[in-house]
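this one's sequence-less:
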C-alpha cells in the first residue's frame, strides 16, 4: 500500500532495475527458492524490525515455503506498485494484504485467502465512529487500497485524503489533519494498543474482505502449490499459531 522505503533500499530488498522473471512451479522447485514480495510498512502484517522484514504475512509465507521445501528470497516495494510488478514478472508471488476484488482479478490471480478482515473507522475521542457520522468529515486512507475505495463511497464526506503509507494516514489522524482514518481492523487494533495515550477509538466496520497472495495470471501450477501449502499450515495449526502470535486470536477465514 505504499512507496519504496529507504530501509529496504539500504538492505537490498527492493527489486533491482533488471526484472526478475516470474517462474513456473517446476523452475521454482528446481531452484530451491521462491522470490516473494511484500511492502514492509503495514504492521503487524508486514513491517521492518530494524533491518529485518517481519510480521504475520512474512511468517505465513515462510511457513508455506517450508511446506513446499523452499527458501524465500524477499523483495520490498510500494504497495501500489505490487500488482504492476507482478504483471511485469519481477517476482513469483506477493503477500501484502491484497483484498480479493473483481477489479484486481482482472490483473492478477489470487491464492486462497490467508486471513479475513475488513475496513474499520478509527477516530479520536469525540470524533466520528459510525458510518452515518462521516458526512461532512475529512477521511484519511492509504492510496490504492480497498479502504480508499470504501472512503470514496461514503455519502457526504467532505474530503478523502490519500497517503502513500497507512502509517501516514494514522499520523494525519493523530495530527488533526483528518477526522477519521479507515484501515484494516487488525491494523486498527494494533494502532490503538500502541497509541493508548492518544485517545483513539475504533468504530464501525465499513466492509469485510478476504485477503490473499497475488501472482501472475495463468501461473496455475504455482497457485495450486501455494494453496496446498496454505491448506497444510491451516490443517496442522501453524496458521492459527502465527495468528495468535500477532493478534491473540485466529484471523484465518472460516471457509
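Everything's here; your move. Since we're looking at a predicted model, the values are computed, not measured.

which parts of the stretch 51-200 of the chain are strands?
In the stretch 51-200 of the chain, the segments counted as strands under DSSP state E, counting those that start in this stretch are 52-54, 71-76, 93-99, 108-124, 138-142, 159-163, 180-184, 200-216.

could you give the angle of the third one to strand 200-216?
Orientation check (axes from the mean of the first three to the mean of the last three C-alpha atoms, to 10 degrees): strand 93-99 against strand 200-216 gives 140 degrees.

so for strand 93-99, what's the average pLDDT?
Taken as a whole, strand 93-99 has a mean pLDDT of 97.

next: the shortest one.
The average pLDDT within strand 52-54 is 97.

that older thread, can you say which of the strands of the stretch 51-200 of the chain is packed in most?
strand 180-184 (a mean of 29; mean count of other C-beta atoms under 10 Å). Bear in mind the C-beta positions are built from the backbone N, C-alpha and C, glycine included.

what strands line up against that one, and which way round?
Applying DSSP bridges to the sheet, strand 180-184 is found paired with strand 108-124 (antiparallel), strand 138-142 (parallel).

pop the domain breakdown of the protein in here.
Following automatic domain parsing, the chain resolves into domains at 6-116+211-247, 117-208.

hey, least reliable of these by pLDDT?
Among the domains of the chain, domain 6-116+211-247 scores lowest, with a mean of 91.

same list (the strands paired with strand 180-184) but as JSON lines, adding distance to residue 178.
As requested, the strands paired with strand 180-184 are exported to JSON lines (distance: least, C-beta to C-beta, whole Å):
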{"stretch": "strand 108-124", "distance to residue 178": "9"}
{"stretch": "strand 138-142", "distance to residue 178": "4"}
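
of all those, which one is nearest residue 204?
strand 108-124 (5.3 Å; C-beta to C-beta).

which residues does residue 122 bridge with?
In this entry, residue 122 is beta-bridged to residue 181, residue 202, by DSSP bridges.

same thing with residue 118?
Residues in beta-bridge contact with residue 118 (DSSP bridges): residue 208.

wait, it sits on residue 184?
Yes. At 7.4 Å, residue 118 and residue 184 qualify as touching, with contact defined as C-beta atoms under 8 Å.

returning to that earlier point: pipe the domains of the chain into CSV and attach distance to residue 255 per row.
Below are the domains of the chain laid out as CSV (distance: least, C-beta to C-beta, whole Å):
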stretch, distance to residue 255
domain 6-116+211-247, 9
domain 117-208, 13
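
do you know how far residue 145 is from residue 235?
In this structure, residue 145 and residue 235 are 31 Å apart, going by C-beta to C-beta, to the nearest Å.

who has more neighbours, these two?
residue 145 (25 against 9; other C-beta atoms under 10 Å).

right, and that one touches residue 82 too?
No. Using C-beta under 8 Å, residue 145 makes no contact with residue 82, being 11.4 Å away.

now do the shared contacts for the two.
Both residue 145 and residue 82 lack any common contact, where contact means C-beta atoms under 8 Å, 6 or more residues apart in numbering.

okay, which residue is most central for this structure?
In the chain, the C-alpha nearest the mean C-alpha coordinate belongs to residue 97, at 2.4 Å (C-alpha atoms, centre = their mean).

ok, the closest residue to residue 182 other than its chain neighbours - contacts?
Spatial nearest neighbour of residue 182, excluding adjacent residues (C-beta to C-beta, 6 or more residues apart in numbering): residue 147 at 4.6 Å. Shown in contact with residue 147 (C-beta under 8 Å, 6+ apart): 119, 141, 182, 183, 184.
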